[in-house]
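Enquirer: sequence below, structure please.
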Amino acid sequence: MTTLTIPMFIIITRPKIPKYEKLTFSCKNLEECKNKLIVNFKNNILNKVDYPEDLDIFSSLFWYNDYNMDNNLFDYEIFIDNKWTQPWTLQELYEQVIDIIHKVDIQDSIYNDKNYYDYCSDDEGH
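Expert: Next up is the predicted model:
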């Protein structure tokens, strides 16, 4: 029995060196494609910044800041129904990535002893 796979590619535009990275994947379903997109997107934009809600603002302020480029920082295509398509907008993916980053930041702060009122820095290293 042949398993149907969905081909997908992701293009990441690097700001400091006009370099494009192309990643290719074969996914079992659209949900797996979306998860791979979100993970790759998140891993490439992860910085300690106050993320704006709009992808275009993030691109111009944090990604391309001093570089004049007119490319999306992230692009993708999925081959489904005999055509290459983008089922989700880059803005939708960006919003999901930011949501994940915020949840991870909150979780990290909960498990960081320094965020509790009874934390004593004298205890470090002892």
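Enquirer: which elements pack onto the helix or strand of the chain with the lowest mean pLDDT?
Expert: Lowest by mean pLDDT, DSSP states H and E among the helices and strands of the chain is helix 55-58, with a mean of 76. On a contact count with 3 or more Cβ pairs under 8 Å, 6 or more residues apart in numbering; DSSP states H and E, helix 55-58 meets helix 90-110. Where C-beta positions appear, they are placed from N, C-alpha and C, glycine not excepted.
Enquirer: buried set for the helix it packs on?
Expert: Buried residues in helix 90-110, counted by 16 or more other Cβ atoms under 10 Å: 90, 93-98, 101.
Enquirer: which one of these is nearest to residue 43?
Expert: Checking the buried residues of helix 90-110 against residue 43 by Cβ to Cβ gives residue 97 as the nearest, at 9.4 Å.
Enquirer: doesn't residue 40 make contact with that closest one?
Expert: No. Using Cβ atoms under 8 Å, residue 97 is not in contact with residue 40; the gap is 9.6 Å.
Enquirer: how about residues contacting the least confident helix or strand of the chain?
Expert: For helix 55-58, the surrounding residues in contact (Cβ atoms under 8 Å, 6 or more residues apart in numbering) are 45, 51-52, 90-91, 94.
Enquirer: pLDDT for those - can I get that in TSV?
Expert: Listed next are the contacts of helix 55-58 as TSV, based on pLDDT from 0 to 100:
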residue	pLDDT
45	74
51	76
52	77
90	88
91	90
94	87
